[in-house]
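J.: The sequence and its predicted three-dimensional model are supplied below.
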Amino acid sequence: MTAYTATVTIRLKRGVLDPEAETTQQALERLGFELDDLRSTDRFEIDLDAENSEAARDRADEMAERLLANPTIHDYEVEVSGR
Amino acid sequence: MTVAVLQFGGSNCDRDSVRALSHLGIDAERVWYENGLPENATGVLLPGGFSYGDYLRAGVMAARTPVIDAVCEAASEGIPVLGVCNGAQIGCEAGLTPGAFTVNRSARFQCERVHVRVETTESPWTRGYDEGDVLELPIAHGEGRFEADDDTHERLIEDDRILLRYCDAEGVVTDDANPNGSRDNVAGVVGEKRTTAVMMPHPERATLPDLGGTDGAVLLRGFGATSATV
């Protein structure tokens, strides 16, 4: 078994309204910053032991599918690195 | 017959729901989620509140508890299941109904009275109305914006599974009457079984006459099945 960290990044699908991100963007603009757009994401860093990186990725994928992301509104990606 | 009103940590409309159902002569009891679904349950109400503090996403933690597996099984057998507000979020997260409820367009918690139009009478919840009837119901949510992808949305329309739409007092569906930015003004939808439904407005807060409106009573009478109260 090898120790890995699986990083799951979850973002709203393109086209799905993100009122919190819009509010954050407006706050930055009020502070005088110039920006074109702002997107927020959720990021989970999951420490786990697995046979290999593929097995670690599969497990993190399933975690995203079953709990961390909602496929109706979210896309997600998984990155695996040694720990 | 007993309607099980499931109580999770953070539910806060469970007592109101039992009281409203009792007022209508429908036997109901609160059931702590860890005790499982009672075998004699003739209906399930997923009440409003903030189960698990809305951690991760509103409703998702409750939707992954074992009792919800039993609720899904009961729903597939045709036992009436209604999710209200946080219960609607739980229902969508559990796959009892399609789509998702997410952050209001305003990014704020909204507590107000709204109008909704009955879009189908093919459900126990709405069979006491005529299509197009307008109800005044309270909402109280921060994450009530209904979202569904194009295919899901088209399927809902084709299958006549949109239960309620936000509208103005005259029953006209407008963007101004949409309190939270829900797709197509959807306020409630029906599941695969027409005995399963979720809605963001609170019928249990519009059932007792002393609360200033009883437009929600007929919705809740859906639990009465064949009783004379329907």
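T.: Arrived safely. Just so it is clear, the model here is predicted, and its values are computed rather than measured.
J.: for the closest residue to chain A within chain B, what are its contacts?
T.: Ranked by CB to the nearest CB, the top residue of chain B for proximity to chain A is B:Ala107, at 3.6 Å. (C-beta placed from N, C-alpha, C; glycine too.) Shown in contact with B:Ala107 (CB atoms under 8 Å, 6 or more residues apart in numbering or on different chains): A:19-20, A:22-23.
J.: SS state for it?
T.: Secondary structure, DSSP: H, G, I helix; E, B strand; the rest coil: B:Ala107 is coil.
J.: Of the contacts of B:Ala107, which is the most crowded?
T.: Using other CB atoms under 10 Å in any protein chain shown as the neighbour criterion, A:Pro19 leads those with 17 neighbours.
J.: Find the nearest non-adjacent residue to the residue of chain A found nearest chain B, please.
T.: For chain A, the residue closest to chain B is A:Pro19, as judged by CB to the nearest CB, at 3.6 Å. Nearest residue to A:Pro19, sequence neighbours excluded (CB to CB, 6 or more residues apart in numbering or on different chains): B:Ala107, at 3.6 Å.
J.: Tell me how far the one you found lies from B:Asn180.
T.: 10 Å (CB to CB, to the nearest Å).
J.: now swap in B:Arg15 and tell me
T.: 25 Å.
J.: Who has more neighbours out of these two?
T.: Taking other CB under 10 Å, B:Arg15 and B:Asn180 do not tie; B:Asn180 has more neighbours (25 against 14).
J.: Report whether that one is found in a strand, as I expect.
T.: No. Checked against three-state DSSP, B:Asn180 lies outside a strand; its state is coil.
J.: Angles on the backbone of it, please.
T.: Dihedral angles of B:Asn180 (phi, psi; degrees, to the nearest 10) stand at phi -130, psi 0.
J.: Surely it and B:Arg145 touch.
T.: Yes. Counting by CB atoms under 8 Å, B:Arg145 is a contact partner of B:Asn180 at 4.6 Å.
J.: Identify the contacts common to the two.
T.: B:104-105.
J.: Any residue of stretch B:190-200 touching chain A?
T.: No. Applying CB under 8 Å from any CB of the partner chain, one finds stretch B:190-200 separated from chain A by no less than 13.4 Å.
J.: start to end distance for that stretch?
T.: End-to-end distance for stretch B:190-200: 13 Å, by CA to CA, to the nearest Å.
J.: Work out the gap between it and the centre of the chain.
T.: Relative to its parent chain, stretch B:190-200 has a centroid offset of 8 Å by CA atoms, centre = their mean, to the nearest Å.
J.: Check stretch B:4-21 too.
T.: Averaging C-alpha positions (CA atoms, centre = their mean) puts stretch B:4-21 13 Å from its chain's average.
J.: Near chain A, which residues of chain B are found?
T.: Taking CB under 8 Å from any CB as the contact definition, chain B meets chain A at B:56-57, B:60, B:64, B:92-93, B:98-100, B:102-107, B:145, B:147-149, B:152, B:181.
J.: Just flag the most distant two among the contacts of B:Ala107.
T.: Across those, the longest distance by CB to CB is 7.3 Å; it joins A:Glu20 and A:Glu22.
J.: In three-state terms, label residue 4 for me.
T.: You didn't say which chain, so I picked chain A. Secondary structure assignment for A:Tyr4 (three-state DSSP): strand.
J.: check contacts around it.
T.: A:Tyr4 touches A:47-50, A:53, A:56, A:80-83, counting by CB under 8 Å, 6+ apart.
J.: Buried residues in the helix or strand hosting A:Asp47, which are they?
T.: Here A:Asp47, judged by DSSP states H and E, is contained in strand A:41-50. Buried residues in strand A:41-50, counted by 16 or more other CB atoms under 10 Å in any protein chain shown: A:44, A:46, A:48, A:50.
J.: do the same with stretch A:61-73
T.: In terms of neighbour count (16+ other CB under 10 Å), stretch A:61-73 has its buried residues at A:63-64, A:67-70, A:72-73.
J.: pLDDT wise, what is B:Val230 at?
T.: Looking at B:Val230, its pLDDT reads 34.
J.: what's the answer for B:Leu211, then?
T.: With respect to pLDDT, B:Leu211 has a value of 89.
J.: Now do the same contact list for the nearest residue to B:Asp27 once chain neighbours are set aside.
T.: In space, and not counting its chain neighbours, B:Asp27 is closest to B:Thr2: 4.9 Å by CB to CB, 6+ apart. Each residue near B:Thr2 by CB under 8 Å, 6+ apart is listed here: B:27-29, B:38, B:40-42.
J.: Over to the residue of chain B closest to chain A: give its phi and psi.
T.: Dihedral angles (degrees, to the nearest 10) for B:Ala107: phi 60, psi 20.
J.: any idea which element the residue lying farthest from the centre of chain A lies in?
T.: Largest separation from the mean C-alpha position in chain A: A:Gly32, at 28.1 Å (CA atoms, centre = their mean). Using DSSP H and E, A:Gly32 falls within no helix or strand.
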